[in-house]
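J.: sequence and predicted structure below; questions after.
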Amino acid sequence: QVQLVESGGGLVQPGGSLRLSCVVSGKTYNLLAMGWHRQAPGKQRELVAVMPEGSSAAYAESVKGRFTISRDNAANTLYLQMDSLKPDDTAVYYCVVRTRDNVSGYWGQGIQVTVSS
């Protein structure tokens, strides 16, 4: 059973930074991709950043140049470094791991990020 636990969210002022972490436990055989989604109040869930296995990272246009996705395989952890944060970045952020056996993905519980002065 794969489990994902996110941390690092919170309240930050516009222009500030946060780093989200997602610890992945369990076996992720036949990994397809790891990534982050977010859902703002009243909006649909959207893809923020993704690391396809064996391919380059990709980002939503709204976060390009500000967010960076990375992973530490030894620590089984996925990261999302968020810089130059804007109020529009306020959302619940979800870590997602997709495998060939579970294309819909394993999802974390979500973590709140609030950007406000």
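T.: Now that the structure is in, tell me what you want to look at.
J.: so Val48 touches His37, yeah?
T.: Yes: contact status for Val48 versus His37: in contact at 6.0 Å, counting by C-beta atoms under 8 Å. Backbone N, C-alpha and C define where each C-beta goes, glycine included.
J.: mutual contacts of those two, please.
T.: With contacts defined as C-beta atoms under 8 Å, 6 or more residues apart in numbering, the residues shared by Val48 and His37 are Tyr93.
J.: okay, helices next: where are they in this protein?
T.: Assigned by DSSP state H, the chain shows no helices.
J.: tell me the centre residue of it?
T.: Nearest to the centroid of the C-alpha atoms of the chain, with distances taken as C-alpha atoms, centre = their mean, sits Trp36, at 2.5 Å.
J.: residue contacts, that residue?
T.: Counted by C-beta under 8 Å, 6+ apart, Trp36 has contacts 20, 22, 47-50, 69, 78, 80, 93-96.
J.: packing partners for the worst-scoring helix or strand of the chain on mean pLDDT?
T.: Across the helices and strands of the chain, mean pLDDT, DSSP states H and E gives its lowest value to strand 102-107, namely a mean of 93. Applying 3 or more C-beta pairs under 8 Å, 6 or more residues apart in numbering; DSSP states H and E, one finds that strand 102-107 contacts strand 3-7, strand 91-99.
J.: quick check: angle from the longest one to strand 102-107?
T.: Orientation check (axes from the mean of the first three to the mean of the last three C-alpha atoms, to 10 degrees): strand 91-99 against strand 102-107 gives 140 degrees.
J.: centre of the chain to strand 91-99, how far?
T.: 5 Å (C-alpha atoms, centre = their mean, to the nearest Å).
J.: thanks again, I'm all set now.
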